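> Return atomic coordinates for the entry below.
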Amino acid sequence: MNFEKLIENLNNPKPQARLASVFILGMVNEVRAIDAMRKRYARESNHQVKQAIQTVGGMLAKLKREGYDTSDAICEHFGVYKEVLAAKGVDEEAKVRQIQKDTTHNKKDDDFNDQMWSAAAGMLQVGVVASGLGGTMSMNTANVDMTSNLSNTSDILKQQQKRLRPIRPSNEDISLWVGRLQTESDPETRIQLIIHIANMHNPAALPYLANLFWTDEDEGVKSNAKKYGTLLYRNALYWEMTQNGTIEKMMQDKAAELGITLLEENTITLEPDKPAHQESIADILAKAEAKRQKKNKRR
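Numbers count the residues shown, from 1 in each chain. As a prediction, the model looks like this:
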């Protein structure tokens, strides 16, 4: 269930379908839906749906005023720009090395320059993030390792600056788990079921998680439904953006803004192995019971 489908469902003839769409859009903080909700509200005849649109629309409008953006949130969550910033670091590293070549006269000077680069790399990292993502630049270098040599610093930068890859959304059968989720009375077990269902990566679970978020009486269940429902939605959207070239374009645009050229290795799309989901309901019940007992012991 992608963004376009959710917007389309705002005009579904069935009120429950419209309501489900509004609930999902609110749960995942989809601020891009504000205009479509406004238009729907103007002609909505069902009181319950109209009230939901008013509540969710107001919440989303507040988020947007505070600067929240769906694409930015996805990029931040999956570290989309990390490889761009890493490439910026490599670019700067090459420049520093060339300067060193032109000015270095002995081994002692080389060692000193390597140490200086180690410190500069830490400051560069902060500076590029700040200028590239609109943050406030800080020059605190307390965590810079002055004993690191250039190659080690470069390796560490490369290891730390990799974006996460999306997992292909599935159509795995979730009916068994959703059925149990809807009838389970124990909050801890409902939370375990929420996590398990979200890890199946099937966007069809979104209406059920949204319903829990808006209607469940337990705050822990509500917060976990929102957390994992949002993760499920973001992964599906990120997968779509990766496949249609949107992510690569965003990375290239950011690279152009920083004045660098991305290599193929920076933009390659990889699909990780999808984890198997062999956990049974009995396993989930046992896990929830163990967690409940542990919590009781602490009281």
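> Let me know how buried the residue nearest to Phe213 when sequence neighbours are not counted is, in neighbour terms.
Among residues not flanking Phe213 along the chain, Ala225 sits closest, at 4.1 Å (C-beta to C-beta, 6 or more residues apart in numbering). C-beta coordinates here come from the backbone N, C-alpha and C atoms, glycine included. Neighbour count of Ala225, defined by other C-beta atoms under 10 Å: 27.
> cool, the one 4 residues further on as well?
By other C-beta under 10 Å, 27 other residues sit near Gly229.
> again with the one 5 residues further on
Applying the criterion other C-beta under 10 Å, we find 18 residues in the vicinity of Arg234.
> Which helix or strand contains it?
Using DSSP states H and E, the element containing Arg234 is helix 219-243.
> Now do the contacts for Val22.
The contact partners of Val22, by C-beta atoms under 8 Å, 6 or more residues apart in numbering, come to 10, 37, 49, 52-53, 56.
> hmm, try it at 6 Å
The contact partners of Val22, taken as C-beta atoms under 6 Å, 6 or more residues apart in numbering, are 52-53, 56.
> Run through this structure and note the low-pLDDT ranges.
87-161, 263-282, 284-285, 295-299 (pLDDT under 70).
> Now do the domain split for it, please.
Following automatic domain parsing, the chain resolves into domains at 3-68, 82-160, 175-298.
> May I see the buried residues of the strand or helix carrying Gly58?
Secondary structure from DSSP H and E places Gly58 in helix 47-65. By neighbour count on 16 or more other C-beta atoms under 10 Å, the buried set for helix 47-65 is 49-50, 52-53, 56-57, 60, 63.
> quick one: which of those residues is nearest to Glu76?
Nearest to Glu76 among these is Leu63, at 14.4 Å by C-beta to C-beta.
> Contact partners for the closest one?
29, 31 are the contacts of Leu63 under C-beta under 6 Å, 6+ apart.
> how close does it sit to Leu19?
As for Leu63, its distance to Leu19 is 20 Å (criterion: C-beta to C-beta, to the nearest Å).
> Same question for Ala36.
Distance from Ala36 to Leu19, counting by C-beta to C-beta: 15 Å.
> higher neighbour count, the two?
Leu19 (23 against 20).
> host element of the more buried one?
Per DSSP H and E, Leu19 falls inside helix 15-27.
> In that helix, which residues are buried?
Within helix 15-27, the residues that count as buried by 16+ other C-beta under 10 Å are 15, 17-27.
> Please tabulate those in a markdown table and include distance to Asp253 as additional columns.
Shown next, in a markdown table, are the buried residues of helix 15-27 (distance: C-beta to C-beta, whole Å):
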| residue | distance to Asp253 |
| --- | --- |
| Pro15 | 41 |
| Ala17 | 36 |
| Arg18 | 35 |
| Leu19 | 37 |
| Ala20 | 35 |
| Ser21 | 31 |
| Val22 | 32 |
| Phe23 | 33 |
| Ile24 | 29 |
| Leu25 | 27 |
| Gly26 | 30 |
| Met27 | 29 |
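> quick check, nearest of those residues to Gly79?
Gly79 has its nearest neighbour among the buried residues of helix 15-27 in Met27, at 23.1 Å by C-beta to C-beta.
> residues touching the closest one, list them.
Residues counted as contacts of Met27 (C-beta under 6 Å, 6+ apart) are 210, 213, 226, 229.
> which residues sit in contact with Cys75?
Applying C-beta under 6 Å, 6+ apart, we find Cys75 in contact with Tyr81.
> mind starting the numbering at 659 from now?
Got it, first residue is 659 now, which makes that one Cys733.
> secondary structure element for it?
Here Cys733 sits within helix 728-736, counting by DSSP H and E.
> same check, this time on Asn670
Per DSSP H and E, there is no helix or strand for Asn670.
> Now do the contacts for it.
Contact analysis of Asn670 by C-beta under 6 Å, 6+ apart lists Arg676.
> Go ahead and list the helix or strand containing Arg838.
helix 833-841.
> Output the contacting helices and strands for that helix.
helix 845-856 (3 or more C-beta pairs under 6 Å, 6 or more residues apart in numbering; DSSP states H and E).
> Okay, buried residues for the helix it packs on please.
Quick answer for helix 845-856 (16+ other C-beta under 10 Å): 845-852, 854-856.
> Next: stretch 895-911.
Under the neighbour-count criterion of 16+ other C-beta under 10 Å, stretch 895-911 has 895-900, 905-906, 908-910 buried.
> related to what we said a few turns ago, right, and the helix or strand after the helix holding Leu677?
Sequence order places helix 692-701 as the next helix or strand after helix 673-685, per DSSP H and E.
> That's all I had, so thanks and see you.
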